[in-house]
Each structure stands twice: as structure tokens, then as C-alpha cells.
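J.: structure, please.
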Amino acid sequence: MHVSKQLAARPRQLGGLERPPRGSPLAIPVSRQQLRTAATRRKLLAAAEKIFARDGFEAARLADIAALAGYTRGAFYAHFKSKEDIFFALLELWVGRRIADVNAVLERQADPAARLRALREHYAQIAADRRLALLSLEFKLFAIRHPNAHARLRARQRPLRENAANILRRLTKDAGAQLAIPGIAAATGLGSLSNALLLEHLVDHASLSDADVRHLLGAFFDAVLETKRAK
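T.: A predicted model of the protein is given here:
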């Protein structure tokens, strides 16, 4: 299966409601109540994204999220069980956006070597998403201290990383390159280094510039995927 098609093979969603394409014999009419529920969920997610970005995960308050969305705490609990619950829902949205971005990058390339080069360039630029990196780091620190959140985070991360690993394996194989380490380790390492370098850049950008971050990420990408062999 073509990599871009593999990425695109995800259910269409309406604010958390999966739905088949229009005209499909499996299509089921969506009621007004379902539409209102989906709209409320979208507003709560948008509000949570802003509150988390402003206050951080641990300091964020459910009352502030609900108020910004225009609802009560009761409305919040009708859609999400806890602050962790809405964070995981946001995490899935963010991952979906990342997948869509990668899909778009790969679709524009005509051959395997070009797709690998495009992915390298895309990877070297993703450290610019500071909001996601900082929130992810904060939540991981929270999860390490709270066993239930830790177990849930591991369970959510594993299929996402396996998906990323499969993409890396297929791209490198098609381009005549190879992974220097197992696919899961490659996917985890690429993401971890990006977050770590971004954090150091934010602490002291004079010692680690944007250009330095991009150069280091590109060099790490080449080392992990052994792309020098494909050139």
C-alpha cells in the first residue's frame, strides 16, 4: 500500500462521531442531538487547547475550560470524565494533524527518494510547534508521578509509535535506505530529540539557535535512517 494511502486510511470524524463517506450504503442519518453534541465537544476541545497553552496542564482548571467554551462544569462532565480525559482527546487531534501534514508532504513527491528527503525536511522543521512540545513534556512529567495516567499514556502512545515506525520502515525500504535501529526506537528517538532540543532552545536560544536545531535534527534523521546510503 502506498504510504500516503496508508496514512489516509483513518475514519472520518465529526467532532468525535465517526461517519462513512456521503453516499455510502453504510451512511446513517445524524440527528440534531448528535450534531449539537459534536458541536459542544468541539467547543470544549478548542477551549481546552487554549487554556492548556496558557496555563499548562496541571494549573489548568476545568471551570475555566467550560467557561471559555460557554458551558458549565456539568456540560464538561457530560462529554469528558476528567482533565486527563480531555487532554488525551486533544492529543489524538494533534496526532491527526501531524499525520495529515505528513500525508500532504508525501503526496507532493513523485518517487521514494524524494519522499524520504521531503520527510527529512519536514522533520527538521517540526520543532517550531512549541505549544505541543511543551504540553507533551508537562503531561509526561505528570504521568510519571501518577500511575493511572502513566499506564494510559503508554497505552495511547504505543499504537501511534507503531504507526510511525511502519511509515519509516516502508519509506526507507522503498528508497533503498535502512533503519539503523528498530522502527519503534527510531520513531521514539526522532520525537524525543525534537522535543529536547526545542526545550533547550527555549531556555537559552543564544546557545542553540533555530538553525542549530534544524541542523541537529537533520543529522539525527540521516543517522537513524542511514539515508547517506540512499544518495
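J.: quick one: name whatever helix or strand follows the helix or strand harbouring Leu141.
T.: For Leu141, the element it lies in under DSSP states H and E is helix 130-145. Sequence order places helix 147-175 as the next helix or strand after helix 130-145, per DSSP H and E.
J.: pull out the buried positions in that following helix.
T.: 149, 153, 157, 160-161, 163-172, 174-175 (16 or more other C-beta atoms under 10 Å). Heads up, the C-betas are built off the backbone N, CA and C, glycines and all.
J.: what residues sit buried inside the helix holding Leu141?
T.: Residues of helix 130-145 classed as buried: Leu132, Ala133, Leu134, Leu135, Ser136, Glu138, Phe139, Phe142, Ala143 (neighbour count, 16+ other C-beta under 10 Å).
J.: what's in contact with that helix?
T.: For helix 130-145, the external contacting residues (C-beta atoms under 8 Å, 6 or more residues apart in numbering) are 52-53, 56-58, 87, 91, 94, 127, 149-150, 152-153, 194-195, 198-199, 202.
J.: about what we covered before: now tabulate the buried residues of helix 130-145 in a markdown table and tack on pLDDT.
T.: What follows is the buried residues of helix 130-145, written out as a markdown table (pLDDT from 0 to 100):
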| residue | pLDDT |
| --- | --- |
| Leu132 | 76 |
| Ala133 | 79 |
| Leu134 | 81 |
| Leu135 | 83 |
| Ser136 | 83 |
| Glu138 | 86 |
| Phe139 | 88 |
| Phe142 | 89 |
| Ala143 | 90 |
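J.: could I get those residues as TSV with distance to Ser207?
T.: Output for the buried residues of helix 130-145, formatted as TSV (distance: C-beta to C-beta, whole Å):
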residue	distance to Ser207
Leu132	23
Ala133	18
Leu134	19
Leu135	24
Ser136	23
Glu138	23
Phe139	26
Phe142	28
Ala143	29
